[in-house]
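[1] Below is the structure, and that's it, no one-letter string:
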């Protein structure tokens, strides 16, 4: 099945899960610092900065979530870490299971779609670190996404891996779980095999550079 269709099905599942929260045309602002906001006349990026905080409440977050998740994969107008970072603030792991499952399904599907093509074609998820940083903003363990990456043996997934390694700040002492995973021997060996497989390609040097960085 086409990846774009799979994402469309995941979004349809999200819309069904949150259909019980109709969108309100006007969201109440904090009585101390914000006026009411007309959703249709408001910039979505600006709205995500305050949604559920100084504008609207958890009901409004849920009502707008299908639209925001759709825009994340259809455009570059939103920041994934801001949108997905709303979830822990709204205690999303206490939501009904159907709602949690729909969000989990969306994230899994988007991640697989991102890894399947190089360069990525997933809207605001510009690269693998952007996606994983957004997931980390939910307070969730990124381990399951790293497992998916480990079990996606394709040239596109390997090129994403090389980019991530080449973008590492090796002098940093504050290593995330993602950084630690990238620095492992398994990843170094995978990059070596990717270089051997694609040695005649224009991107083989990316694999070689990443491999050399991990040898230091």
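    All right, it came through fine. If you're wondering where the values come from, they're calculated on a predicted model, not measured in any experiment.

[2] For the residue positioned nearest the centre of the chain, which residues are in contact?
    The residue at the geometric middle of the chain, judged as the C-alpha nearest the mean C-alpha position with CA atoms, centre = their mean, is residue 131 (2.9 Å). When the contact criterion is CB atoms under 8 Å, 6 or more residues apart in numbering, the partners of residue 131 are 80, 110, 111, 114, 122, 125, 145. No exception for glycine: its C-beta is placed from N, CA and C like everyone else's.

[3] And the next helix or strand past the helix or strand hosting it?
    In this structure, residue 131 sits in helix 128-136 according to DSSP states H and E. Per DSSP H and E, helix 128-136 leads on to helix 143-150 as the next helix or strand towards the C-terminus.

[4] How about residues contacting that next one?
    Outside of helix 143-150, the residues that reach it under the criterion CB under 8 Å, 6+ apart are 107-108, 111-112, 115, 128, 131-132, 135, 157, 160-161, 177-178, 181, 186.

[5] same deal with stretch 154-171?
    With CB under 8 Å, 6+ apart as the test, stretch 154-171 has contacts from 114-118, 120, 127-129, 149, 178-179, 182-183, 187, 190-191, 194, 197-198, 203, 206-207, 209-210, 213-214, 216.

[6] Enumerate the positions of the top helix by length along the chain that are buried.
    Once the chain is assigned using DSSP state H, the helix that runs over the most residues is helix 97-116. For helix 97-116, the neighbour count (16 or more other CB atoms under 10 Å) marks 99, 102-103, 105-107, 109-116 as buried.

[7] likewise stretch 76-88?
    By neighbour count on 16+ other CB under 10 Å, the buried set for stretch 76-88 is 78, 79, 80, 81, 82, 83, 84, 85, 86, 87.

[8] Closest to residue 59 out of those?
    residue 86 (13.0 Å; CB to CB).

[9] State the distance from residue 117 to residue 61.
    Distance of residue 117 to residue 61, given as CB to CB, to the nearest Å: 30 Å.

[10] Of the two, which one has the most company?
    More crowded of residue 117 and residue 61, by other CB atoms under 10 Å: residue 61, with 21 against 15.

[11] what helix or strand is residue 48 on?
    For residue 48, the host element (DSSP H and E) is helix 44-50.

[12] roughly how far out does the worst-scoring helix or strand of the chain on mean pLDDT sit from the chain middle?
    Least confident helix or strand of the chain, by mean pLDDT, DSSP states H and E, is strand 37-38 with a mean of 71. Relative to its parent chain, strand 37-38 has a centroid offset of 27 Å by CA atoms, centre = their mean, to the nearest Å.

[13] next one: stretch 77-86
    Taking CA atoms, centre = their mean, one finds stretch 77-86 lying 9 Å from the centre of the chain it belongs to.

[14] So for that stretch, mean pLDDT?
    For stretch 77-86, the per-residue pLDDT values average out at 93.

[15] Quickly list the domain ranges of this protein.
    Here the domain assignment for the chain is 1-127, 153-216, based on automatic domain parsing.

[16] Can you lay out those as TSV showing distance to residue 140?
    Formatted as TSV, the domains of the chain follow (distance: least, CB to CB, whole Å):
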stretch	distance to residue 140
domain 1-127	8
domain 153-216	11
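
[17] nearest to residue 141, of those?
    domain 153-216 (7.4 Å).

[18] and the angle from the helix or strand encompassing residue 5 to helix 97-116?
    Under DSSP H and E, the secondary-structure element containing residue 5 is helix 3-17. The directions of helix 3-17 and helix 97-116 differ by 160 degrees, with axes from the mean of the first three to the mean of the last three CA atoms, to 10 degrees as the criterion.
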